[in-house]
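J.: no sequence on this one, just coordinates:
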């Protein structure tokens with residue numbers, strides 16, 4: 001926790017920072033299940049506790065939240081070690097700052113032990129929150145050419161739905177939400 005963090009309670013859970021609480025709110029508005037500091041791990045002999053386990057459309061994403069890149073270089077290094085050894089199948093994401101509709105994030109996925117080298121370990125810093133074609137399922141993926149990429153969760157590509165608007169509204173809501181310390185909404 002940086003010296004500038006403000007512990008913030010959201011839905012009865014005390015988050016270590018206001019930024020983490022904003023991400024919890026973002027996923028709630030999108031109806032994406034996310035557990036805060038739910039499971040710890042030992043990585044290269046050191047304890048590591050991911051900020052969130054997010055159960056997105058394409059599977060589990062372990063999320064680490066930082067206010068900006070340089071605020072916690074040691075924490076980012078721990079995240080990278082964990083990401084390389086995380087439970088499989090899953091992905092890991094480094095979320096910088098509060099939720100924004102058109103911001104990209106560093107996502108680490110795949111597994112070097114897979115037989116298919118195309119599906120092996122990968123790292124992509126162009127991924128952003130996107131919706132499925134129907135606009136109801138959300139995950140991180142690359143927007144692709146002309147920002148046309150949709151989450152690959154089996155939904156049909158029904159262009160023109162309200163998924164992207166829902167992401168924008170969720171991000172705006174999370175950034176403007178007033179945490180008053182008594183927030184226990186279910």
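T.: Right, received. Where do you want to start? All of these numbers come straight from a predicted model, not from anything done at the bench.
J.: Tell me which stretches of the chain form helices.
T.: Ranges of helices in the chain, per DSSP state H, are 18-30, 73-85, 163-176.
J.: Minimum distance to residue 54: which of these has it?
T.: Nearest to residue 54 among these is helix 18-30; the distance by C-beta to C-beta comes to 6.4 Å. For every residue, glycine as well, the C-beta is placed using N, CA and C.
J.: and stretch 35-51, how far out from the chain's middle?
T.: The chain centroid and the centroid of stretch 35-51 are separated by 15 Å, computed with C-alpha atoms, centre = their mean, to the nearest Å.
J.: Tell me the buried residues in that stretch?
T.: Within stretch 35-51, the residues that qualify as buried are 36, 43, 48, 50-51, counting by 16 or more other C-beta atoms under 10 Å.
J.: May I see these arranged in JSON lines, with pLDDT and distance to residue 57 as well?
T.: Shown next, in JSON lines, are those (pLDDT from 0 to 100; distance: C-beta to C-beta, whole Å):
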{"residue": "36", "pLDDT": "98", "distance to residue 57": "20"}
{"residue": "43", "pLDDT": "91", "distance to residue 57": "27"}
{"residue": "48", "pLDDT": "96", "distance to residue 57": "25"}
{"residue": "50", "pLDDT": "97", "distance to residue 57": "19"}
{"residue": "51", "pLDDT": "98", "distance to residue 57": "20"}
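J.: quick one: which two of the residues you listed are the most distant?
T.: Pairwise distances across these (C-beta to C-beta) peak at 19.3 Å, for the pair 36 and 43.
J.: out of everything not next to it in sequence, what's closest to residue 85?
T.: residue 43 (5.4 Å; C-beta to C-beta, 6 or more residues apart in numbering).
J.: Thought residue 78 was touching that neighbour, still the case?
T.: Yes - using C-beta atoms under 8 Å, residue 43 and residue 78 qualify as a contacting pair, with a distance of 7.1 Å.
J.: any common contacting residues for these two?
T.: Listed as contacting both residue 43 and residue 78 by C-beta atoms under 8 Å, 6 or more residues apart in numbering is no residue at all.
J.: wait, what's in contact with residue 105?
T.: Residue 105 makes contact with 93-96, 125, 127-128, 140, according to C-beta under 8 Å, 6+ apart.
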